[in-house]
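*Asks:* Quick one: sequence plus predicted model below, questions after.
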Amino acid sequence: MKKVFLPLYAALFLSVPFAAQAAEKSVSTDGSTSMEKVIGSLGEAFSQKNKDISFTYNPTGSSAGISAAMEGRADIGLSSRALKDDESQKLDSTILAYDGIVIVVNKNNKIDDLSLEQVGKIFRGEIKNWKELGGQDKAIVLIGREAGSGTRDGFESITETKGQCNYRQELTATGDVITTVAGNDNAIGYASLASKTKKVKILNIDGVKPDHDTIASGQYKIQRPFVMVTAKDKKLSDSAKAFIDYAMSEEGRAISVKAGVIPASNK
């Protein structure tokens, strides 16, 4: 086969526009593991409508996603907590939806309902045995998320347990919390409602079942925002802007509802 060599200037002329076009036709998202279901659903639908745009999602956790957007390693950072003051100076945020943080126990646990006050006492170590709540005479095992998790930040802020939880395990993903609680009769943890599964029992809080209606009305108190963040000092690509616009559209909101979260515009 005869090899064809292009002059250097011709190679550069052809490669630069191609690289620019490839960068433009992609959307990279990075962050919250709790947002996996809704972002996965939105990304899949967006890709079907825009076959020339490559969409990626990297589940690294909220703080990592915020850093990725701030440092230009991702077009869109994903956070399951609101931005802190210092972060909001460098980032713009768009609330995609609201999600309940549910309290999960093993399916063999007889407890069905706890008050918000009881949840706080459990995670602060003031209630240490299930018998104090009408359950078995077994020590309570606390399962939580890692430092930097948006779910942990939201949970500890609402339950007033920040910096006071003595976790048996600190895990890096919502799915890991669910799996661990499902495997330990005495465990209790917290997870995203959007990750609802039959592997564990979801508790009512103050008699309120966490669902679409109770989160939208504010009756269910343990809830937080799902946020898309972008760098203020970097122009958003047309592809990334198109994804955010799609996620906030009527069609996108319908997909969010199916994914188990409450679209921000409907709250």
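*Replies:* Cool, the structure landed.

*Asks:* As a check, name the ranges of all helices in the stretch 101-250 of the chain.
*Replies:* Here the stretch 101-250 of the chain has its helices, by DSSP state H, counting those that start in this stretch, at 116-124, 150-159, 174-182, 212-217, 238-248, 250-258.

*Asks:* For the longest one, the averaged confidence score.
*Replies:* So the one you mean is helix 238-248. Here helix 238-248 scores 98 as its mean pLDDT.

*Asks:* likewise stretch 162-174?
*Replies:* The pLDDT scores in stretch 162-174 average 94.

*Asks:* cool, stretch 92-100 as well?
*Replies:* Rounded mean pLDDT across stretch 92-100 is 96.

*Asks:* Low-confidence bits of the stretch 151-267 of the chain, can you list those?
*Replies:* By pLDDT under 70, the low-scoring segments of the stretch 151-267 of the chain are 266-267.

*Asks:* Indicate which one of the helices of the stretch 101-250 of the chain is closest to residue 206.
*Replies:* Evaluated over the helices of the stretch 101-250 of the chain, closeness to residue 206 peaks at helix 116-124, with 5.8 Å, by Cβ to Cβ. Every C-beta, even on glycine, is put in place using the N, C-alpha and C of the backbone.

*Asks:* Confirm for me that residue 122 is in contact with residue 142.
*Replies:* Yes - with contact defined as Cβ atoms under 8 Å, residue 122 and residue 142 form a contacting pair (7.4 Å).

*Asks:* Overlap in contacts, the two.
*Replies:* Common contacts of residue 122 and residue 142, defined by Cβ atoms under 8 Å, 6 or more residues apart in numbering, comprise residue 188.

*Asks:* Show me the longest strand that occurs in this protein.
*Replies:* Ranked by number of residues, the top strand in the chain under DSSP state E is strand 91-105.

*Asks:* can you pull out the strands in this protein?
*Replies:* Under the criterion DSSP E, strands of the chain are mapped to 26-31, 54-59, 76-79, 91-105, 113-114, 141-145, 169-171, 187-192, 201-202, 204-205, 223-231, 262-263.

*Asks:* looking at those, which is closest to residue 66?
*Replies:* Going by Cβ to Cβ, the one of the strands of the chain nearest residue 66 is strand 76-79, 4.9 Å.

*Asks:* centre of the chain versus the closest one, how much separation?
*Replies:* Centroid displacement of strand 76-79 relative to its chain, using Cα atoms, centre = their mean, to the nearest Å, is 9 Å.

*Asks:* Equivalent analysis for stretch 206-213, please.
*Replies:* Taking the mean of its C-alpha atoms, stretch 206-213 sits 20 Å from the chain's own mean (Cα atoms, centre = their mean).

*Asks:* could you dump that stretch to PDB, C-alpha only?
*Replies:* The C-alpha atoms that make up stretch 206-213 are tabulated as PDB, following Å, rounded to 0.1, in the frame of the first residue of the first chain:
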ATOM      1  CA  ASP A 206     -42.600  11.800  61.800                       C
ATOM      2  CA  GLY A 207     -45.300   9.700  60.100                       C
ATOM      3  CA  VAL A 208     -44.500  11.000  56.700                       C
ATOM      4  CA  LYS A 209     -43.700   8.700  53.800                       C
ATOM      5  CA  PRO A 210     -41.000  10.000  51.500                       C
ATOM      6  CA  ASP A 211     -42.400  10.300  48.000                       C
ATOM      7  CA  HIS A 212     -43.000  12.700  45.100                       C
ATOM      8  CA  ASP A 213     -45.900  14.500  46.800                       C
END
